[in-house]
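Participant: Need coordinates for the below:
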Amino acid sequence: MPAVSKGDGMRGLAVFISDIRNCKSKEAEIKRINKELANIRSKFKGDKALDGYSKKKYVCKLLFIFLLGHDIDFGHMEAVNLLSSNRYTEKQIGYLFISVLVNSNSELIRLINNAIKNDLASRNPTFMGLALHCIANVGSREMAEAFAGEIPKILVAGDTMDSVKQSAALCLLRLYRTSPDFVPMGDWTSRVVHLLNDQHLGVVTAATSLITTLAQKNPEEFKTSVSLAVSRLSRIVTSASTDLQDYTYYFVPAPWLSVKLLRLLQCYPPPEDAAVRGRLTECLETILNKAQEPPKSKKVQHSNAKNAVLFEAISLIIHHDSEPNLLVRACNQLGQFLQHRETNLRYLALESMCTLASSEFSHEAVKTHIETVINALKTERDVSVRQRAVDLLYAMCDRSNAQQIVAEMLNYLETADYSIREEIVLKVAILAEKYAVDYTWYVDTILNLIRIAGDYVSEEVWYRVIQIVINRDDVQGYAAKTVFEALQAPACHENLVKVGGYILGEFGNLIAGDPRSSPLIQFNLLHSKFHLCSVPTRALLLSTYIKFVNLFPEIKTTIQDVLRSDSQLKNADVELQQRAVEYLRLSTIASTDILATVLEEMPPFPERESSILAKLKKKKGPGTVTDLEEIKKERNSDVNGGTESTPVNASTVALPDSPLQGSLAELVIGPRPRPSRLNSSHLAIHNLQTGIPPLFKGFFTSKSTPSPSADLLGLGAAPLTSSSPPPSTTGSLLVDVFSDSASVVAPLAPGSEDNFARFVCKNNGVLFENQLLQIGLKSEFRQNLGRMFIFYGNKTSTQFLNFTPTLICSDELQSSLNLQTKPVDPTVDGGAQVQQVVNIECISDFMEAPILNIQFRYGGTFQNISVKLPITLNKFFQPTEMASQDFFQRWKQLSNPQQEMQNIFKAKHPMDTEITKAKIIGFGSALLEEVDPNPANFVGAGIIHTKTTQIGCLLRLEPNLQAQMYRLTLRTSKETVSQRLCELLSEQF
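Facilitator: Now for the predicted structure:
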């Protein structure tokens, strides 16, 4: 930059600023400004031969006055004239004035654009820099339209100086963010990628920011940047701090560039090239290793730069989710930060571990830090860190630690900040239901939740309690007893009264035999709370009273007296008055049979997506940590720890004796059949249901209950009969996934087999990704049933039209695997994501996997993609714990040659003990410790559940570290099962 001469000091400006600062009052300041404005106006109008220095000085004064908050309505033309000056300081002030004061609608834009074009064409790097800075500062659509085509040429020109390249890259980035439609993709895109190899790190840094933003919308155009970014990153992380002196910040080489490169790599899946992937793994391992080294400086700037690179590297490891060793190491590194003295580090560690908890490989490693996280919840001063601790406990929760985590959350809830209490309540309610092995524990937990934080227990929570109690015969008596005892407390929260009123109204007869909870005592207990409650709760209690009339005829007179009282019949609230009148009349004129019919026990509630989970998602927003709940875990068994092993027969059983896990775990369980005797002709009072809360409307409405064929996951639901009209193409809830109406199916996409193999031991992740489409999976399996959520993401800014995903099965597979799915919207907007649910039932063992074919139109071009859907036989494993003696006794029983399958193979991956254990558990079998005489061997046991039979399975994996080989032996009672499981598991090591 040219040196500023003494004559450019603008003494007049300094005097004016001094006068302003010396003003004693606002009025004095305004008077001095008005005087100066009058002087400047007269100079501009009167002196036609004003020199450049004077123009610059007066324009600077106007700029200063504007920055003080005063309007400026003249001087713009003089500022534009300064742009044509050949003196740097005059041109600089002109561009500064324009950047601050000129708006995009100004009549001077054309003159300004001409001046900018002249400076860009001048090849003077100083003037080009000023022009580019002005374009970026204004950033209007007019600027983008005028210069978006020129700036890329400057950026990739061979004779452009490094400082101008930096400015051009950042200017183009600004224009792309404000007006992406004016920035054309062309030949320059392939050339700009090579700026990552530029010798000047400032150019590389600016280019990386630009490429990262462009690659998010146009990944295919910039996919070659991956290898270049890995190469540059490798050179940085392996360099000494002295190698990059100009870009070393407190002994950390180029931290800003490292972070940007790591973010660029997060725009793409793991590199397919083995060499590039290996080099990237080395880079990430080096970054993790450096985090363990003692600090080279005690300055906070050193630790900040070092940790910035580390956390971005961990984000990339999580994004790729393909290297178990790196994931576990990242988790251990974050665990060290959980007790760091820096609050920000503790916060970031908790936040990153929430994401790690969703990975199949690192979930167990995250769980080892549970005591530290619980301690943070109790002792952390910063509320935001405590909230992250709650999120992490929620994310790491599974069957093994659910009761401990729920207990700790309840303890914390008593002293929690008011801002996060509602969220904690929702999470406790979800976890308590999802992992309730014993539903008496669930009832106790929710009642305790209402006691501790009743004001924050939303309707969705207590509605859900009611649904579960009604759908569970074995918990109804306990719930009635427990809620009766809870209501005896002097001060009860109103939500507890609602739950108590509902449950006692339905199941109070189950505890009426105890003299301590006789019908009259139950009624008096509820009625003692009546006057303290709001109108909706009183309305619910009145409905409970009329239910008592049917359950306990001996207290009918007492209830009628209450309904007949003036406080009810003449109540100011019309809803309460109407209920009292109609219930009194119903109890008076209706016969016993009619009362029994109208007031019969509620039928089971049909399962649907949990309103509690939906409320939590809405509260947290999409894409946040709460979504991790859907991504993870507990596969191959009842998600809440049930051990039901009886196969489901759709014709005889609607709901097995496993706990109702249902909607909160994203499993839809059909309700038990309970034929309703209610007929609409029995209802003489038309408006009985007016104003009744949602859960009580069932008292008086005729709703058809699902037939006995309703089964788990709805696999037998909605059969089409000949008498029903054919469903429309767009309105049908279920589609035939085996339909032959699709176009010709494309061959499997490149890399499909590799991705398929990755899902054998995991249930969630990205199945397929190219420049247009990303397909993600989340799935859960229980016994012979499963549910898979397929997420289709449009990575472009253009709509997908006629979007049609189809599941294709061979004839043999159709007889072994029953799949049902719901159609998706045929239009997928740019940047949007649609979800498809696949219900799965394993009829018998199978060897193949279904093909997912996706067809759609993008920009007028027909796209046809096929991938293998990872539904494999091991998904229907139920882990089985066995003692050493039992294992080998069963092992000998399965000694026939056709029952055993053995494979000796070379290790394809590093032979790591913890990773091997994680893969065996992920495969579905139980990992049996201290069973094999050789402690280096791994043994497992489980049962493959199909609808027709159950197949016991034992496995033994013997590693040979010296030879880098494995011997895998599988024994099952069926030869084809042994063969298939051996094939699947051998590919994992």
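Participant: so where is the stretch 201-350 of the chain shaky, pLDDT-wise?
Facilitator: Along the stretch 201-350 of the chain, segments meeting pLDDT under 70 span 240-243.
Participant: which residues of it fall in strands?
Facilitator: 248-249, 252-253 (DSSP state E, counting those that start in this stretch).
Participant: most tightly surrounded among those?
Facilitator: strand 252-253 (a mean of 24; mean count of other CB atoms under 10 Å). Yep, even glycine has a C-beta here, placed from its N, CA and C like the rest.
Participant: can I get the strands of the stretch 201-350 of the chain in CSV with distance to Asn784?
Facilitator: Listed next are these as CSV, based on distance: least, CB to CB, whole Å:
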stretch, distance to Asn784
strand 248-249, 58
strand 252-253, 54
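Participant: Please name whichever of the ones you listed is nearest to Thr861.
Facilitator: strand 252-253 (44.5 Å; CB to CB).
Participant: by contact count, what packs against the closest one?
Facilitator: On a contact count with 3 or more CB pairs under 8 Å, 6 or more residues apart in numbering; DSSP states H and E, strand 252-253 meets helix 300-320.
Participant: Quick check: buried residues in the helix it packs on?
Facilitator: Neighbour-count burial for helix 300-320, counted by 16 or more other CB atoms under 10 Å, picks out 302-320.
Participant: Kindly report the same for stretch 335-342.
Facilitator: Those would be Gly335, Phe337, Leu338, for stretch 335-342 by 16+ other CB under 10 Å.
Participant: I figured the first one was touching Thr372, is that so?
Facilitator: This means Gly335. Yes - using CB atoms under 8 Å, Gly335 is in contact with Thr372, at 7.0 Å.
Participant: got the contact list for stretch 540-557?
Facilitator: The contact list for stretch 540-557 (CB atoms under 8 Å, 6 or more residues apart in numbering) reads 497-498, 501-502, 504-506, 508-509, 512, 519-520, 522-523, 526-527, 529-530, 533, 559-560, 562-563, 568, 576, 579-580, 583, 586-587, 592, 595-596, 599-600, 692-693, 696, 699.
Participant: Apply 6 Å and report the result again.
Facilitator: Contacts with stretch 540-557, where a contact means CB atoms under 6 Å, 6 or more residues apart in numbering, come from 498, 501, 505, 509, 519-520, 523, 526, 530, 559, 579, 583, 587, 595-596, 599, 693, 696.
Participant: again with stretch 141-150
Facilitator: For stretch 141-150, the surrounding residues in contact (CB under 6 Å, 6+ apart) are Ser104, Ile109, Asn113, Ile135, Leu175, Ser179, Phe182, Val183.
Participant: Relative to the whole chain's centre, how far out is it?
Facilitator: Once both centres are worked out by CA atoms, centre = their mean, to the nearest Å, stretch 141-150 turns out to sit 38 Å from its chain's centre.
Participant: Give me the mean pLDDT for it.
Facilitator: On average, the pLDDT along stretch 141-150 is 85.
Participant: Tell me where the stretch 801-950 of the chain is predicted with low confidence.
Facilitator: The model of the stretch 801-950 of the chain has no residue with pLDDT under 70.
Participant: In it, what residue spans correspond to strands?
Facilitator: All strands of the stretch 801-950 of the chain, identified by DSSP E, counting those that start in this stretch, fall at 817-821, 833-842, 851-858, 861-868, 877-879, 900-906, 926-928, 938-945, 950-960.
Participant: Compute the number of surrounding residues for Gln899.
Facilitator: When neighbours are counted by other CB atoms under 10 Å, Gln899 registers 17.
Participant: Who are the contact partners of it?
Facilitator: Contacts here follow CB under 6 Å, 6+ apart; on that basis Gln899 touches Arg971.
Participant: And for the residue nearest to Leu510 when sequence neighbours are not counted, the neighbour number?
Facilitator: Residue nearest to Leu510 in three dimensions, not counting chain neighbours: Gly477, with 4.2 Å by CB to CB, 6 or more residues apart in numbering. Look at Gly477: counted by other CB under 10 Å, it has 13 neighbours.
Participant: Let me know the secondary structure of Gly477.
Facilitator: helix (DSSP: H, G, I helix; E, B strand; the rest coil).
Participant: Was I right to think it contacts Gly508?
Facilitator: No - counting by CB atoms under 6 Å, Gly477 does not reach Gly508; the two are 10.4 Å apart.
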